[in-house]
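Peer 1: fold the following for me, if possible:
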Amino acid sequence: MEHVCCSVVNASDLNFAEIAIGERVFGEIILANEGTTNLTAEVKSDSGELQVTAPPSHRASLDHLAQCPRPSRRLVAVLLSCPARIIPMLLLLGASSQRAVAASPLEAAVLRAVREARFDRVLDFGPANEDSAKPASPKTIAHVPNVDVTVIQLNRAGQVVASANVLLSRDYPEGLIVPVSLDQGAAAVRFRRWDIERWNGGVFKPGEPLPVTTKGWTNDPPLTDDHDLVPGRANAAFQFMAPYPASLFKLLVAFHVMRMVDDGSLTLDTPHTFSVANQKDETRPLRAWLDPMMTESNNRATQALLQLLHRRSRIETMNREFRELGLPTLQINGTRAADGRNWQTDRIHMTAFDTARLLLLIEGPAGDLWRGPDGRAVTARFLSESSRAFLKQLLAEQGLNEALSTANLTGVRHVRPGLPSQIAARWINPTNGIVVVDGVNFGVDVRASNAVAEVTFAHKTGLTYNYASDAGIVTSLPGRPFRRYIIVFLSNLGYRYVDEVFADRTKGPYADPVSPISYTQRIPALAKAIDDAIREARW
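Peer 2: Residues are numbered from 1 along each chain as shown. Modelled structure (predicted):
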């Protein structure tokens, strides 16, 4: 019988667990408890199940990870934990199937939703074709896209009861459940800076099917430490190139502006003059810049606020504070002080689990939320109650409900239902019920569907040709089935990618003057599947 030895720190409280590990199984794995007590995990080759037992007296390890290389296959063993109660389990990933196994019902539900979305079937209008002079019909996407999904489930008191993070990419085409904890985040992942040339396979000219130059996914040239979002994770079990968050990064700007309000540097009525060469100066109070940036995703307002942060020398302060909170993948780098632009896809970063924890802080449950890198507790008091309330109000009044929620487009042909969320009244024309946001005419009467909505969705979206994101706080409305959770979706599935029903188009439906469909409808379908699972949950 073959053995693989993996050292485990303070392994204990390992209650009985059965974990499917796929078709290829072998031998016996021995887990040593710091050289004192051996814990044996026997693989049943006939059933493909792993049974783990341990004395209940041993105390638990939270995050230790051991890698066990073998000539033909690698096993990765990770201890998982729940922040409320230590419940470690063994997660196995077989390199042959590259499949991680659920450690909780929520993780199973999110993984199932990601798989059933079948993002590998979307159609692609191609690289560098955003302003192409040679329109062409889309073709099936060449590779599984990069998708990062997190859900943090809360109880009625706002306390975390479960969390899940699933990655999808060409490296993990069946989806990967990432071991996460509120304290450590997704520390088992080596996050890489987004590189559109690696995704595309090279540099393309508009309208041309072949690249001018080529570039490999992880080689040609090889990835190095310089591509890391977070240093010190060279030995991490998993690797993922984090998609550009698009306008979702405006949440980070708003959060830090409210930090400045809290420290007395600003008030919501402080005037800021946005001045750019060859343009007329514009002065507004702070709140009048924040509102359109968050509710309409207005780029000019975002530029104005980034210019303000540069003038006050607060950009690095913002990034440092995110690191000190234990949210190191939340970064805004490289923007210009002169006009607040230069939003580069390899300089502005967010990942789903760190974004979800930021939203948890904004939601503001009582008590310790997690512990930062210095060991100190992070609480909602990091941001004042009034600032959190203001941010939540901006998120609640989001006008662009067309990604995880498609409430603005209810009933439109080829649109699939997502989160059954309520639209803020300010966007609904009282005469005809149509939503119009910053000139975008969604074209349908939403009053009837809005009246039967089940949840509020306080959120922020992001969309460009190559990237799509949405993140927010879901709360059930009075009298509706209870659910309360945070959901974050990040991807490189911008309006370049469309569903199969648009195969005969030479320009995507995002360009339609009325009822534009800017996101693949596999995104709201994923959200609905997750919401259905949580609504019906008995775990």
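Peer 1: tell me how many other residues surround Ala242.
Peer 2: Counted with other CB atoms under 10 Å, residues neighbouring Ala242 total 23. For glycine as for every other residue, the C-beta is placed from the backbone atoms N, C-alpha and C.
Peer 1: just checking, it touches Val189?
Peer 2: No. At 9.0 Å, Ala242 does not count as touching Val189 under the criterion of CB atoms under 8 Å.
Peer 1: Leu251 in helix, strand or coil?
Peer 2: Following DSSP: H, G, I helix; E, B strand; the rest coil, the label given to Leu251 is helix.
Peer 1: quick one, domains of this protein?
Peer 2: Structurally, the chain divides into domains by automatic domain parsing as follows: 1-101, 247-353+367-394.
Peer 1: looking at the ones you listed, which has the lowest confidence?
Peer 2: Mean pLDDT values for these show the minimum at domain 1-101, a mean of 34.
Peer 1: and the gap between the residue nearest in space to the middle of the chain and Ser491?
Peer 2: Nearest to the geometric centre of the chain sits Ala352, at 2.6 Å (CA atoms, centre = their mean). Ala352 is 10 Å from Ser491, where distance means CB to CB, to the nearest Å.
Peer 1: same question for His272.
Peer 2: When distance is defined by CB to CB, His272 is 33 Å away from Ser491.
Peer 1: ok, Ala380 next?
Peer 2: Ala380 sits 29 Å away from Ser491, going by CB to CB.
Peer 1: which residues touch the helix or strand hosting Pro292?
Peer 2: Using DSSP states H and E, Pro292 sits in helix 286-295. Contacts with helix 286-295, where a contact means CB atoms under 8 Å, 6 or more residues apart in numbering, come from 250-251, 253-254, 257, 261, 266-272, 274, 298, 301-302, 304-305, 308, 394-395, 397-399, 424, 438, 460.
Peer 1: tell me which of the residues you listed fall in helices.
Peer 2: Cross-referencing these against helices under DSSP state H gives 250-251, 253-254, 257, 261, 301-302, 304-305, 308, 394-395.
Peer 1: what's the farthest-apart pair in the residues you listed?
Peer 2: Leu308 and Leu395 (20.5 Å; CB to CB).
Peer 1: pull up the overlap in contacts between Ala352 and Ser491.
Peer 2: Common contacts of Ala352 and Ser491 (CB under 8 Å, 6+ apart): Asp148.
Peer 1: tell me which helix or strand Val474 sits in.
Peer 2: Using DSSP H and E, Val474 sits in strand 468-476.
Peer 1: who does that strand touch, helix- and strand-wise?
Peer 2: Strand 468-476 is packed against helix 352-363, helix 385-396, strand 455-463, strand 484-491, helix 522-535, with contacts defined by 3 or more CB pairs under 8 Å, 6 or more residues apart in numbering; DSSP states H and E.
Peer 1: which residues does the longest one contact?
Peer 2: Yep, that's helix 522-535 we're talking about. Residues outside helix 522-535 that contact it (CB under 8 Å, 6+ apart) are 106, 109-110, 112-114, 116-119, 121-122, 149, 151, 153, 403-406, 415-420, 454-455, 468, 470, 474, 481-483, 485, 487, 489, 491, 493, 499.
Peer 1: neighbouring contacts of stretch 494-506?
Peer 2: For stretch 494-506, the external contacting residues (CB under 8 Å, 6+ apart) are 121-126, 129-130, 135-138, 141, 145, 246, 414, 463-468, 508-510, 517-522.
Peer 1: just the buried members of those?
Peer 2: Buried subset of those (neighbour count, 16 or more other CB atoms under 10 Å): 122-126, 129, 138, 141, 145, 246, 463-468, 508-510, 517-522.
Peer 1: so which of these belong to strands?
Peer 2: 123-124, 463, 468 (DSSP state E).
Peer 1: show me which pair in those is furthest apart.
Peer 2: Among those, the pair separated by the greatest distance (CB to CB) is Leu123 and Leu463, at 17.1 Å.
Peer 1: now the helix or strand hosting Asn450 - C-alpha only, CSV.
Peer 2: Using DSSP H and E, Asn450 sits within helix 447-451. What follows is helix 447-451 as a C-alpha-only set of coordinates in CSV (Å, rounded to 0.1, in the frame of the first residue of the first chain):
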residue,chain,number,x,y,z
ARG,A,447,-44.1,48.5,-12.4
ALA,A,448,-45.9,45.1,-12.1
SER,A,449,-42.7,43.1,-11.7
ASN,A,450,-41.4,45.6,-9.2
ALA,A,451,-44.5,45.2,-7.1
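Peer 1: good, wrapping up.
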